[in-house]
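Engineer: Just need the structure, nothing else, for what follows:
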Amino acid sequence: MKTSEFDYELPLELIAQTPLEKRDESRLLVLDKKTGSIKHEVFKNIINYLNEDDILVVNDTKVIPARLYGEKEETKALIEVLLLKEISNNKWECLTKPAKRIKVGTVVNFGDLLKMKCVEVKEEGIRIFELKYEGILYEILDKLGTMPLPPYIHEQLESKNRYQTVYAKNNGSAAAPTAGLHFTEELLDKIKEKGVRIVPITLHVGLGTFRPVNVEDVKSHHMHQEFYQMSSDTANVLNNAKGRIISVGTTTTRTLETIKNLYGKFIECSGWTDIFIYPGYEFKAIDALITNFHLPKSTLMMLVSALAGKENIMNAYKIAVEEKYRFFSFGDSMFIK
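Structural biologist: Numbers count the residues shown, from 1 in each chain. Model (predicted):
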């Protein structure tokens with residue numbers, strides 16, 4: 001299976017640069033995975049496709065303002081650091097720009113609030129830093145950091161909250177689980193009133209989710225590990241599901257499939273996953289998926305193709321381009337039912 005099979009033409013003007021003023025007014029492409037049939041909707045009408053006893057599973061991770069700009073201690077050179085994930089107490093995996101200036105022992109200062117020392121250089125430009133600070137790290141990041149928007153977004157956000165879901169709770173992500181950005185508190189309340197259960201998992205989105213596939217043979221791609229967590233309450237609800245399990249986002253999907261693969265059922269657990277889902281994979285945990293439109297040749301294109309069939313997905317994307325849907329993180333939504 002070749003990476004190029006998951007490519008498609010996308011005019012640059014269809015890459016959404018800013019979120020819509022009203023989250024649930026984005027468009028919704030409804031794709032029937034069995035027939036390939038397509039309907040065009042508005043996202044708030046997702047409620048019409050949900051049934052009593054369905055379970056909606058959301059990722060309650062919270063994006064941290066993980067992009068920092070500091071000075072190299074010796075030379076005062078400007079260094080950009082992107083915090084990816086905490087691997088142990090105050091040790092973080094990071095990307096830096098320019099990477100070649102950061103060697104083991106390099107110290108980067110961020111005013112008087114934070115000092116970071118490089119303790120290890122890894123492959124693919126990754127650096128391990130030791131952080132020194134006083135107080136609570138996330139409060140310091142709120143003062144120093146900016147939201148780590150993807151490289152294809154060139155506009156600045158008016159509010160940090162627009163790159164968070166309304167149910168974001170657990171700090172730790174380097175990118176938003178963007179499928180959930182379309183939900184409002186009001187829409188979630190209406191969905192609950194219909195008899196749909198909404199339960200959370202946590203997966204802290206890191207490099208594994210948005211790193212491009214740079215190999216032509218899909219199976220040669222290496223996924224980075226991301227931390228996940230499921231509570232006993234969520235596990236109990238899912239194990240006793242009477243309706244469909246509907247996953248909000250690819251990050252939620254990867255968490256649910258990881259746990260079902262490991263244990264054969266849902267249990268209270270946490271760990272690291274590098275699951276890579278591509279066509280040929282047999283889904284064990286989810287019945288349907290709410291997701292955004294993904295980058296060409298990405299692992300996420302492969303995941304949705306595994307669920308709905310590659311032909312159905314490539315056809316849906318072709319139609320979405322023709323209909324001028326908005327793409328990627330701040331773009332429109334797709335419901336694969």
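
Engineer: mind listing the helices for the stretch 151-300 of the chain?
Structural biologist: When assigned using DSSP state H, counting those that start in this stretch, the helices of the stretch 151-300 of the chain occupy the ranges 185-193, 207-210, 232-239, 250-263, 299-308.

Engineer: can you tell me which of the ones you listed comes nearest to residue 58?
Structural biologist: Minimum separation from residue 58 across the helices of the stretch 151-300 of the chain (CB to CB) falls at helix 250-263, 6.6 Å. C-beta here means a position set from N, CA and C on the backbone, and glycine is covered the same way.

Engineer: about what we covered before: least confident of the helices of the stretch 151-300 of the chain, on average?
Structural biologist: With a mean of 67, helix 207-210 has the lowest mean pLDDT of the helices of the stretch 151-300 of the chain.

Engineer: sec struct for residue 319, please.
Structural biologist: Here residue 319 is recorded as helix under DSSP: H, G, I helix; E, B strand; the rest coil.

Engineer: So it sits against residue 38, correct?
Structural biologist: Yes. Using CB atoms under 8 Å, residue 319 is in contact with residue 38, at 6.0 Å.

Engineer: what touches both of the two?
Structural biologist: Listed as contacting both residue 319 and residue 38 by CB atoms under 8 Å, 6 or more residues apart in numbering are residue 29.

Engineer: what's the longest strand in the protein?
Structural biologist: Using DSSP state E to define each element, the chain has its longest strand at strand 78-88.

Engineer: and whatever helix or strand comes next after that one, which strands flank it?
Structural biologist: Following strand 78-88 in sequence order, the next helix or strand is strand 91-97 (DSSP states H and E). Strands adjacent to strand 91-97 in the sheet, as given by DSSP bridges, are strand 78-88 (antiparallel), strand 126-133 (antiparallel).

Engineer: per-residue confidence averaged over strand 91-97?
Structural biologist: 94.

Engineer: Show me what the helix or strand following that strand is packed up against.
Structural biologist: As assigned by DSSP H and E, the chain's next helix or strand after strand 91-97 is strand 107-110. The contact analysis (3 or more CB pairs under 8 Å, 6 or more residues apart in numbering; DSSP states H and E) places strand 107-110 against strand 67-72, strand 114-121.

Engineer: Lovely, talk soon.
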